[in-house]
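J.: fold the following and give me the result.
(2 chains)
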Amino acid sequence: MSPSQVQSRPGDPEITPALVKEHGITPAEYQKVLAMLGRTPTFTELGIVSALWSEHCSYKHSRPLLRTLPTEAPWVLQGPGENAGVIAVKDGIAVAFKIESHNHPSAVEPYQGAATGVGGILRDVFTMGARPIALLNSLRFGPLTSPRVRYLFSGVVKGIGDYGNCVGVPTVGGEVVFDPSYEGNPLVNAMCVGVLREEELIRAVAEGIGNPIIAVGARTGRDGIHGASFASEDLSAESESKRPRVQVGDPFTEKLLLEASLELIRSGHIVAIQDMGAAGLTSSSAEMAARGDVGVTIDMLKVPVREEGMTPYEIMLSESQERMLVVAHKGREAQVAEILARWDLEAAVIGEVIAEPVYRVTEGDRVVAEFPGIQLVTDCPTYVIDAVESPTLAAARAQDAHAVAPLDEEADPIWTLERLLSSPTIASKAWVWRQYDSMVRTSTIMGPGSDAAVVRLRGTDAAIALCIDGNGRYVSLDPRMGGRIAVAEAARNVACTGARPRAITNNLNFGNPTRPEVYFQLREAVAGMGEACRTLETPVTGGNVSLYNENPQGAIHPTPTVGMVGVLDSLDHVTPSAFQTPGDSIVLLGDNTDEIGASEYLQHVHGLAIGAPPASDPAMERRLIDALLDAIRAGHVRSAHDCSDGGLAVALAECAMLRRDQPLGFAVDLTSWADLPLRALLFGEAQARVVVSTPDPHAVLAVAQAHGVPATVIGRVTPADDGIDFLIGAISAHSAIAPLARAFHDTIPGIMDGDPAAAAAAESSATPTTV
Amino acid sequence: MKVGIVRFPGSNCDEDAYHAVVDHLGAEAVFCWHKEHDLQGADLVILPGGFSYGDYLRPGAIARFSPIMREVVAHAERGAPVLAICNGFQIACEAGLLPGALLRNANLRFVCEQVHLRVESIATRFTSRYHINEVITVPVAHGDGRYTADADTLARLEGEGRVVFRYVDARGHVTDAANPNASQRNIAGIVNAAGNVLGMMPHPERAVDTLLGSADGLPLLHSLADSLMGGVAA
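T.: Model (predicted):
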């Protein structure tokens, strides 16, 4: 067949400039399409290009930047470009992992948007041949004072829970941050981790001329058409009308698909498998063909559909969930169908791998789309924008945070501490994670609420540590530093549990990249992440980019989130966050500084996002992590918790009362830093600090000294009845545990389940005060 | 002792039950596929947790019609032991092996956490290794766990000593705060009149290793092993 035989279907709309624009294709991009085809595209072809060249599928504004990130290490078995990254762990065991966003769908339909986000990331992992063993998520919402935000928050949490719980993969960790910048545009990033034996790794590469292409799982319906394009534009008043572009999830089918897919992969009957995720059949077939550099032909009349009269355009662009595309070995069709039938799933041969270098879509005998070679994937343009920092944000960074007048109440540092512990960003998220099954698969050694989750790998004495981190306010005020900190904090969290940080997956949540000030944030944040990844030896094995997170109220804080995977060689090294034993010494690894800019203190107590974020030195972070791990492996460390939001005072308070039923107290003397401003010492967010409790402080100090890491014995763990005590030169402050524990543990339940007055009181900090 | 673990489409605690039995009890275990009619000579049948048939219609309502359930009911009618956990408990109630029903949690939310249970009866083949009124720690993870029955049934269960586990606080007191789903009378687990079918919402198979928070479920498995190997009457 020659391209001249491609025919428009009767009833297809005429290709006009307006229609091209409606498909999000620029005039310059349309010229590229014309050059590639040598003719006007059909309606089906226009739809295919629109999906594959959407930001979501093509990474056209981020790819040149992503190429600068380090992606290699001896333990990396699969880097970016596949459904998920894979690293070797121990004894032939490997883990596959990836993070993905579902921000736009969750903004208009929180329950289904979040649920299908979990479903998609599960499929990305099990299509590598890995059995999913853990889920995490990173969520951003506006302030909980807004009823709309509470609706989004509870809907997203329920959607995540209902999906993961049903499939039987534990949700073991994550983070939730509340900030006004996310009011109209929540972020929902989901990460999945799976385990496999190295030899079970399978890649989504179509090959073998004559091999059949098989559609597996749920039937194709009209839901989610143009989901990828929807995710590649700003949210607007019309977004609500695009609710039909949000897919609907069915976790029960997903569970069947998971079991059937793993059985298929292990059967040896198939060559490749890929999720029909964003841009559905279009992206899965085109990407598998491009990776194998082969031609494919698929017939729309053979695709099992849910509804009568679906056009090729609709079938190609549907994002109906729980569907997979499989390339099988020729002649094994019956065996494939048999495995699927055992799980009550459908399979239909819809096409084949061909020698002819074309990507062809037919409707019976009629060719409705045909692209030469693999140009559809390789010819997508990339863009580099002239970047300019926003003068407004530069000015905000330049503001002197020390000039912010303290409130009268701040004379008592305990008042400030209690206030910060009741900040929904810092307060316990138990209300959230009680709704997630964090224990199924009976491998969760440490679940949600720790610095990182720890999941054992059955059959070995090894475990993996997992966390997600990212601070949008830091990135907003200094994207380079914020990018570094996102990686460094994730590494620190993983190390606190006793694990060596090994690799990351990242999710870049930013605004509209065609705006120079947004592109600046993207470029600088990626550069900062790259610096930290190189020094910490945690390459990027894949991830996701979510741009156009804007709405009429403005853009979100630029928010790269980092999913970190660490490895514990022995279960003996598992280290909890909370203090364990009265009488233990408390050692601060790292140093306190005069840095209060961009802090949760300024945001929550003063309603201000100003000042420079704390400086992050990746080399210092590396030494800190090395020292901490040496001390843990030598058996000197009883607990370890990093200092982040809310600074040293909040970190100490969390160590004391993370375990609500078994709290402990502490007494610390910080007189060595009495020359620092009190609020910077207690609530500043200086980087590279970890609070350790130990029965043998001298041993910990010696290990720290050997690594060139500052370390100071600052006090000891006390019985809970003694409460908490700070001594800073002439200043002393004391509190019982109970009021602080109430602030920390009861704030979110109070807002979500309790009386609205309490909620308003807890959230009143959203009101800015004057400088 | 041979343990048959039933696998419905959507079961997801089947492997956890397998590992508890094989790795921690040292017994033999086999999976029994829902489409088949073969319990493979199992002495003990476990109906595991999960979301059989996606909990569509209502939890357990479809699973009870699976081919394998005819054999499970026959096994129970012979007086052989059945341990029905979480979704298994829901299925056992739907299948008429146990009285009552498990409704949506009162706060309409899924709940996963360690809870305290008080052992109300040790005169069962499931609990002989516990002490009476012992407080044990076992996790729950469910959205539909609110045990509900009519007044006559409740009176009969209480009168016949068939309430085996109750949700309590750490000191063993029955309180509303300790009841994760608002079950009637804080009921967490019951046995049938013959004493050979135990249904419970908490997951004893998740409480077999202190590394994961609790090993308080192990005595339950050991009690069953005692009864099967020592021939102790139910």
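
J.: in stretch A:388-401, which residues are buried?
T.: Across stretch A:388-401, burial judged by 16 or more other C-beta atoms under 10 Å in any protein chain shown covers A:390, A:393, A:396, A:397, A:399, A:401. For glycine as for every other residue, the C-beta is placed from the backbone atoms N, C-alpha and C.

J.: what's in contact with it?
T.: A:476-478, A:516-517, A:520, A:596-599, A:602, A:608-612, A:771 (C-beta atoms under 8 Å, 6 or more residues apart in numbering or on different chains).

J.: if we go to 10 Å?
T.: Contact with stretch A:388-401 is made by A:476-479, A:481, A:515-521, A:524, A:555, A:557-558, A:594-599, A:601-602, A:606, A:608-613, A:677, A:679-680, A:684, A:771, as judged by C-beta atoms under 10 Å, 6 or more residues apart in numbering or on different chains.

J.: now do the end-to-end distance for that stretch.
T.: The first and last residues of stretch A:388-401 sit 24 Å apart, counting by C-alpha to C-alpha, to the nearest Å.

J.: one more: stretch A:295-311?
T.: With C-alpha to C-alpha as the measure, stretch A:295-311 spans 23 Å from end to end.

J.: most widely separated two among the buried residues of stretch A:388-401?
T.: Considering C-beta to C-beta, no two members of those lie farther apart than A:390 and A:401, which are separated by 18.9 Å.

J.: quick one: low-confidence parts of chain B?
T.: Using pLDDT under 70 as the threshold, the predicted model of chain B has low-confidence ranges B:231-234.

J.: what's the distance between the spatially most distant residue from the centre of it and residue A:37?
T.: Largest separation from the mean C-alpha position in chain B: residue B:171, at 23.2 Å (C-alpha atoms, centre = their mean). Here the distance between residue B:171 and residue A:37 works out to 76 Å (C-beta to C-beta, to the nearest Å).

J.: verify the stated contact: residue A:584 with residue A:717.
T.: Yes: shown here, residue A:584 and residue A:717 form a contact pair, counting by C-beta atoms under 10 Å, at 4.5 Å.

J.: what about the two, which has more around it?
T.: Just comparing residue A:584 and residue A:717: by other C-beta atoms under 10 Å in any protein chain shown the higher neighbour count belongs to residue A:717, 25 against 22.

J.: that one touches residue A:587, doesn't it?
T.: No: with the criterion set as C-beta under 10 Å, residue A:717 and residue A:587 do not qualify as a contacting pair; they are 11.2 Å apart.

J.: longest helix in chain B, please.
T.: Across chain B, the helix with the greatest residue count (assigned by DSSP state H) is helix B:218-230.

J.: name the helices or strands packed onto it?
T.: Contact partners of helix B:218-230 among helices and strands, from 3 or more C-beta pairs under 10 Å, 6 or more residues apart in numbering or on different chains; DSSP states H and E: strand B:2-7, strand B:44-47, strand B:82-85, strand B:135-142, strand B:197-200.

J.: which one of the ones you listed lies closest to chain A?
T.: Proximity to chain A, assessed across the helices and strands packed on helix B:218-230 by C-beta to the nearest C-beta, is greatest for strand B:135-142 (4.4 Å).

J.: what angle do that closest one and helix B:218-230 make?
T.: 100 degrees (axes from the mean of the first three to the mean of the last three C-alpha atoms, to 10 degrees).

J.: return strand B:135-142 as PDB; C-alpha atoms alone will do.
T.: C-alpha atoms of strand B:135-142 as PDB (Å, rounded to 0.1, in the frame of the first residue of the first chain):
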ATOM      1  CA  VAL B 135      -5.400  -8.500  75.100                       C
ATOM      2  CA  ILE B 136      -3.600  -9.000  71.800                       C
ATOM      3  CA  THR B 137      -2.600  -6.700  69.000                       C
ATOM      4  CA  VAL B 138      -3.700  -7.500  65.500                       C
ATOM      5  CA  PRO B 139      -4.200  -5.200  62.500                       C
ATOM      6  CA  VAL B 140      -7.500  -4.400  60.700                       C
ATOM      7  CA  ALA B 141      -7.800  -3.200  57.100                       C
ATOM      8  CA  HIS B 142     -11.300  -3.000  55.800                       C
END
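
J.: list the buried ones in it?
T.: Judged by neighbour count using 16+ other C-beta under 10 Å, the buried positions of strand B:135-142 are B:135, B:136, B:137, B:138, B:139, B:140, B:141, B:142.

J.: possible to save the residues you listed as TSV with distance to residue A:701?
T.: TSV is the format used below for those (distance: C-beta to C-beta, whole Å):
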residue	distance to residue A:701
B:135	42
B:136	42
B:137	37
B:138	42
B:139	39
B:140	44
B:141	43
B:142	48
